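**Student:** Need a 3D model of the following:
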Amino acid sequence: MSLINLSGMGVALITPFKEDESIDFDALARLLEYQIQNGTDYLVVLGTTGETPSLTEEEKRQIQRFVVERTRGRIPLVLGIGSNNTRNVVEHLYSDDLSGYDAILSVVPYYNKPSQEGIYQHYATIAQASPLPIILYNVPGRTGVNMTAETTLRLARDFNNIIAIKEASGNISQMDDIIKNKPHDFMVISGDDGVTFPLITLGAVGVISVIGNAFPKEFSRMVRLALNGNYNQALTIHHRFTELFSLLFVDGNPAGVKCLLNLMGMIENKLRLPLVPTRITTYEKIQDVLEKLRNIV
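**Tutor:** Here you go, the predicted structure:
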């Protein structure tokens, strides 16, 4: 099994919609080129930022194939395949056309709040079924349950095709525990733009980014500087974005980054219910920050 290099900045792609809420494939094509031309290291397709809960199965298939066709092997691709139904994930792994993808990203089961043993068995079953390397995704703020460092490390040691974790627990001590005790080739990836810089200083290999949708060149440069030990330069870029980190999530994700991309003239500011665009006050604050950033980046 060939392994994808997850060092650097991956971008969790948004799904652009037209005013009638149909998928805007023209805007998606532009966004893909923007990412490829501006330093993004790999793309994550059909993650939470892509509003997958409100996409139909047919729309997911269309996006999945469209990205492969448009990128033409120019950038590594990770596909989001997650569920709180283990059998559902396995069925997708067996039946979906995964050609063109280098790994899958699979979230901790949400809503039904399994025990740590249940989480372990969920991923063990996926690992035994998957033809591609697996990136674990721990995001307790969305799933309602935290995968502990102990469970993560157990999975990393027991399954060679579980190659990384996207860690978005917000618990630096937990992330540091994983980094300290993990197998040598297991990768820890920041799942939160705002803690990417400090996490890299502890030993993370990079980030799966939301802000990278809008600022791939600048944010990927920050990540590379930090990975190369140029902490002062990386910190300067990190601080430029700190205000935006919080603004992008104050009204939920991807409402913030879609607002930002709309202000940049790249997409319509459209989401599907139950998600809605940012409040006008947030929109105006993002607009102000964008103007400041345009003068310095």
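
**Student:** what's the pLDDT at the residue nearest to residue 211 when sequence neighbours are not counted?
**Tutor:** Using Cβ to Cβ, 6 or more residues apart in numbering and skipping the chain neighbours, the partner closest in space to residue 211 is residue 193 (4.8 Å). (C-beta placed from N, C-alpha, C; glycine too.) Residue 193 carries a pLDDT value of 97.

**Student:** Pretty sure residue 193 sits against residue 208.
**Tutor:** No. Counting by Cβ atoms under 8 Å, residue 208 is not a contact partner of residue 193; they are 9.4 Å apart.

**Student:** Look up how far residue 71 lies from residue 219.
**Tutor:** 19 Å (Cβ to Cβ, to the nearest Å).

**Student:** no no, residue 99
**Tutor:** According to Cβ to Cβ, residue 99 stands 13 Å off from residue 71.

**Student:** picking that back up, residue 193 and residue 208 - which one has more neighbours?
**Tutor:** Legend: neighbour count by other Cβ atoms under 10 Å for residue 193 and residue 208, higher for residue 208 (29 against 25).

**Student:** If we ignore the residues flanking it in sequence, what's nearest the more buried one?
**Tutor:** residue 10 (4.4 Å).

**Student:** Kindly report the same for residue 29.
**Tutor:** Leaving aside its sequence neighbours, residue 29 is closest to residue 70 (5.5 Å, by Cβ to Cβ, 6+ apart).

**Student:** wait, what's in contact with the one you found?
**Tutor:** Applying Cβ atoms under 8 Å, 6 or more residues apart in numbering, we find residue 70 in contact with 28-29, 32-33.

**Student:** Format those residues as TSV; extra columns: secondary structure and neighbour count.
**Tutor:** Output for those, formatted as TSV (DSSP: H, G, I helix; E, B strand; the rest coil; neighbours: other Cβ atoms under 10 Å):
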residue	secondary structure	neighbour count
28	helix	21
29	helix	16
32	helix	21
33	helix	13
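
**Student:** This structure: helices as residue ranges?
**Tutor:** For the chain, the helices defined by DSSP state H cover 25-37, 57-71, 86-95, 116-129, 140-143, 149-158, 172-181, 196-202, 216-227, 231-247, 255-263, 280-294.

**Student:** residues of the last one that come out buried?
**Tutor:** Right, the one you point to is helix 280-294. 282-283, 285-286, 289-290, 293 (16 or more other Cβ atoms under 10 Å).

**Student:** what do you get for the longest one?
**Tutor:** Neighbour-count burial for helix 231-247 flags 234-235, 237-238, 240-241, 244-245, 247 (criterion: 16+ other Cβ under 10 Å).

**Student:** And for the shortest one?
**Tutor:** Of the residues in helix 140-143, those buried under the neighbour-count criterion (16+ other Cβ under 10 Å) are residue 143.

**Student:** what's the model's confidence in that helix, averaged?
**Tutor:** When pLDDT is averaged along helix 140-143, the result is 96.
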